[in-house]
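**Q** Predicted model and sequence below, questions to follow.
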Amino acid sequence: MSIQLLLMKSGEEVIADLYEIRDKEGVPQGFILRDPQICKLLPNVEAPEKGPNVQFHNWAPLSAQRKFLVKEHAFITMCDPLEPLIQHFIERFGEKDDELADSDTEEQPDPSEPTGTD
């Protein structure tokens, strides 16, 4: 598990629990994003000296899935979020996904195959 902040090519700032996917030769193929959320900054009208508030919006609100395969070319960069943002994410979505955390990333399905349900 690694909670990361991603700047997507679409301009969205997305926070998610991120897992790298590698093929059998160990070559990176993409990432699984668990519970990806768009981060929106809102003014803190009650205590402006504390800085802005952050609100989470579901990255794919019409999807039944909570995990998404994303290729590296879909985002510009990733970085470690500020600690309060990590804590807020963990409070809302939990610390990790046991199924993903316990799996061997080299044994993941071929990322060229579609994910989700038919």
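**A** Structure's in. What do you need? Numbering: from 1, shown residues only.
**Q** So which other helices or strands are in contact with the strand ranked longest in the chain?
**A** Criterion DSSP state E: the longest strand present in the chain is strand 28-42. The contact analysis (3 or more C-beta pairs under 8 Å, 6 or more residues apart in numbering; DSSP states H and E) places strand 28-42 against strand 13-22, strand 53-58, strand 67-70, helix 83-93. Yep, even glycine has a C-beta here, placed from its N, CA and C like the rest.
**Q** partner strands of that strand, parallel or antiparallel?
**A** Paired neighbours of strand 28-42 in the sheet (DSSP bridges): strand 13-22 (antiparallel), strand 53-58 (antiparallel), strand 67-70 (antiparallel).
**Q** Throw those strands into a markdown table and include mean neighbour count and distance to Pro84, thanks.
**A** Formatted as a markdown table, these follow (neighbours: other C-beta atoms under 10 Å; distance: least, C-beta to C-beta, whole Å):
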| stretch | mean neighbour count | distance to Pro84 |
| --- | --- | --- |
| strand 13-22 | 20 | 12 |
| strand 53-58 | 14 | 8 |
| strand 67-70 | 20 | 25 |
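**Q** Columns mean pLDDT on top of these, output as JSON lines?
**A** Shown next, in JSON lines, are the strands paired with strand 28-42 (pLDDT from 0 to 100):
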{"stretch": "strand 13-22", "mean pLDDT": "94"}
{"stretch": "strand 53-58", "mean pLDDT": "94"}
{"stretch": "strand 67-70", "mean pLDDT": "95"}
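**Q** outside of stretch 83-95, which residues touch it?
**A** Residues outside stretch 83-95 that contact it (C-beta atoms under 8 Å, 6 or more residues apart in numbering): Met1, Ile3, Leu5, Ile15, Asp17, Arg34, Asp35, Gln37, Cys39, Val54, Phe56, Pro81.
**Q** so which of the helices and strands packed on strand 28-42 comes closest to Thr77?
**A** Thr77 lies closest, by C-beta to C-beta, to one member of the helices and strands packed on strand 28-42: strand 13-22, at 10.5 Å.
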